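Enquirer: pasting the sequence and the predicted model now:
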Amino acid sequence: MLQDPKFWVAVSFALFIVIAWKPLIMRIIRMLDERGERIRAEIEEAKRLRAEAEAMLRRAEAARAAAEQEAAAIVAHARDEARLLAEAARAELEATLKRRERMALDRIAAAEAEAAAAVRNTAAEVAIAAARSLIASGLTEAGHAGLIDAAIADIPQKLH
């Protein structure tokens with residue numbers, strides 16, 4: 001057995017394994033540790049990126065909510081402004097209509113006064129003409145007074 005080369009190959013292989021085992025195991029352990037550290041670092045980086053993404057998401061959601069609130073406030077303000085403008089326009093229209101109505105009533109009153117004055121003037125002219133014709137026809141003074149009184153009494157009926 002000591003003379004057999006296979007024995008010595010087996011012994012030298014076993015010896016080689018024993019001698020090389022510790023550095024080989026250490027190298028394998030070191031490689032596995034390094035790989036574990038890389039994986040751990042990648043996991044930590046992924047956690048950090050996830051936390052950063054969640055923070056960005058929260059900021060974006062807060063910004064979106066703020067923008068929605070601002071948009072709602074702008075819309076409410078615009079509605080209020082539109083309502084106020086509509087009310088102001090309505091009030092201005094009512095004031096304009098009242099002013100025009102007042103002006104029309106004033107014109108009507110002026111036209112009525114003008115017509116009444118024209119009727120009075122015409123009645124006075126007719127009374128004067130009647131008086132002239134009566135005077136010319138030779139009425140007595142009592143007859144003249146009666147005609148004048150009758151003409152004056154007819155004036156209110158002719159004005160209305």
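Expert: Cool, got the structure.
Enquirer: which secondary structure state does Leu2 sit in?
Expert: What DSSP: H, G, I helix; E, B strand; the rest coil gives for Leu2 is coil.
Enquirer: give me phi/psi at it?
Expert: Main-chain torsions, Leu2, degrees, to the nearest 10: phi -70, psi -20.
Enquirer: just the pLDDT at it, thanks.
Expert: For Leu2, the model assigns a pLDDT of 74.
Enquirer: can you give me the neighbour number for it?
Expert: Leu2 has 6 neighbours, counted by other CB atoms under 10 Å. To be clear about C-beta, it is placed using only N, CA and C from the backbone, and glycine gets the same treatment.
Enquirer: low-confidence ranges, this protein, go.
Expert: Low-confidence segments of the chain (pLDDT under 70): 134-136, 138-140, 144, 159-160.
Enquirer: quick one: the helices in it?
Expert: 5-137, 141-159 (DSSP state H).
Enquirer: any idea of the angle the longest one forms with helix 141-159?
Expert: Note on geometry: by axes from the mean of the first three to the mean of the last three CA atoms, to 10 degrees, helix 5-137 and helix 141-159 are set 170 degrees apart in direction.
Enquirer: just checking, what packs against helix 5-137?
Expert: Using 3 or more CB pairs under 8 Å, 6 or more residues apart in numbering; DSSP states H and E as the contact test, the elements touching helix 5-137 are helix 141-159.
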